[in-house]
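[1] pasting the structure only:
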């Protein structure tokens, strides 16, 4: 799938479950609560490579929410927000 391809190309831009666990543990150890933003535009290109496609797939977000809700860090997350900078890198006006 395109998401997996994007993560393979730029792994530092992808949130893995291992990294999410590290973030949650850090917040818990620091006595902090997290508010995490879920981006809703994937900024993928169409077949011509010219135009952004706004084809957000909620599957990964749903998995992250379910995983977090059932983890030992569930109370560490204060909330999630759904949003994105719609002019990200000037791609969408």
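    Here it is on my side, so go on. Computed from a predicted model, the values in this text were never measured in an experiment. Residues are numbered from 1 along each chain as shown.
[2] shaky segments in this structure?
    Residues of the chain that meet the criterion pLDDT under 70 lie in 1-3, 40-56, 84-93.
[3] Please repeat the previous calculation with a cut-off of 50.
    Scanning the chain with the threshold set as pLDDT under 50 gives 92-93.
[4] can you map out the helices along it?
    Secondary structure of the chain (DSSP state H): helices located at 2-9, 17-30, 59-69.
[5] Give me the contact list for stretch 19-30.
    33, 34, 64, 67, 68, 71, 73, 76, 77 (CB atoms under 8 Å, 6 or more residues apart in numbering). Placement of C-beta: from N, CA and C, glycine included.
[6] what's the most distant pair in those residues?
    The most widely separated members of the contacts of stretch 19-30, counting by CB to CB, are 33 and 67 (17.5 Å).
[7] ok, back up a step: CSV for the helices of the chain, including mean neighbour count and distance to residue 81?
    As requested, these are exported to CSV (neighbours: other CB atoms under 10 Å; distance: least, CB to CB, whole Å):
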stretch, mean neighbour count, distance to residue 81
helix 2-9, 12, 21
helix 17-30, 13, 16
helix 59-69, 13, 11
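[8] With distance to residue 38 added, can I get the ones you listed in a markdown table?
    Below are the helices of the chain laid out as a markdown table (distance: least, CB to CB, whole Å):
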| stretch | distance to residue 38 |
| --- | --- |
| helix 2-9 | 14 |
| helix 17-30 | 12 |
| helix 59-69 | 5 |
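[9] Go through those helices and name the closest to residue 39.
    Per CB to CB, nearest to residue 39 of the helices of the chain: helix 59-69, 8.9 Å.
[10] Hey, what's the angle from that closest one to helix 17-30? Just curious.
    Angle, helix 59-69 to helix 17-30, by axes from the mean of the first three to the mean of the last three CA atoms, to 10 degrees: 40 degrees.
[11] What is helix 59-69 packed up against?
    Applying 3 or more CB pairs under 8 Å, 6 or more residues apart in numbering; DSSP states H and E, one finds that helix 59-69 contacts helix 17-30, strand 77-82.
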